[in-house]
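Undergrad: missing the sequence, but the structure's below:
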Ligand code: HEM
């Protein structure tokens, strides 16, 4: 076979292979791009300091626990944390057992997270 024909075939094969490779749909990235957390100031949190509008800061995270107050096993005591950094009272429950909340409570509060303290 003529050398030019062979080179031609090789070039065509390479072009087809490259085209095939480029046409493959790109892998969707498995890791979702993390969205930056919404930041709230202490004074902004302080405006939500009542039983019908209750934001609590715990360990630098801001939670809106308004909808949880009615089902809180510790009753209205949770309202003491509304509008403030409630980390200490959450961890120590000075008005109750004096002990930290359970792992269950820690898991439960996650659904009320709305952002972070700036
Ligand atoms: C910072 C404000 C809060 C205060 C002052 C508070 C206080 C209390 C108190 C006094 C009790 C009764 C048991 C005891 O006397 O120790 C209790 C129980 C409980 N609280 Fe809270 N609480 C707060 C926030 C929360 C939040 C944000 C959650 C979850 C979303 C939660 C979930 C629970 C649960 C599940 C119990 C049952 C016992 C346990 O699992 O530890 N509390 N809390």
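TA: Received, thanks. Bear in mind that the values here come from a model prediction, so they are computed numbers and not experimental data. Residues are numbered from 1 along each chain as shown.

Undergrad: do you know the pLDDT at the nearest residue to residue 90 once chain neighbours are set aside?
TA: Nearest residue to residue 90 in three dimensions, chain neighbours excluded: residue 58, at 5.2 Å (Cβ to Cβ, 6 or more residues apart in numbering). Quick note: C-beta positions are derived from backbone N, CA and C, even for glycine. Residue 58 carries a pLDDT value of 98.

Undergrad: got phi/psi on residue 62?
TA: phi -100, psi 130 (degrees, to the nearest 10).

Undergrad: correction: the previous question concerned residue 75.
TA: Dihedral angles (degrees, to the nearest 10) for residue 75: phi 60, psi -150.

Undergrad: and the residue nearest to residue 90, what does it touch?
TA: 81, 85, 86, 87, 90, 109 (Cβ atoms under 8 Å, 6 or more residues apart in numbering).

Undergrad: what's across from it in the sheet?
TA: Taking DSSP bridges as the rule, residue 58 bridges to residue 61.

Undergrad: distance of it from residue 76?
TA: Remark: distance between residue 58 and residue 76 (Cβ to Cβ, to the nearest Å) = 18 Å.

Undergrad: so where do the strands sit in the chain?
TA: Assigned by DSSP state E, the chain shows strands spanning 39-40, 49-50, 53-58, 61-64, 113-117.

Undergrad: in a markdown table: those, plus distance to residue 105.
TA: Conversion of the strands of the chain to a markdown table gives the following (distance: least, Cβ to Cβ, whole Å):
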| stretch | distance to residue 105 |
| --- | --- |
| strand 39-40 | 22 |
| strand 49-50 | 21 |
| strand 53-58 | 11 |
| strand 61-64 | 12 |
| strand 113-117 | 14 |
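
Undergrad: ok, the residue nearest to residue 90 to the ligand distance?
TA: 7 Å (Cβ to the nearest ligand atom, to the nearest Å).
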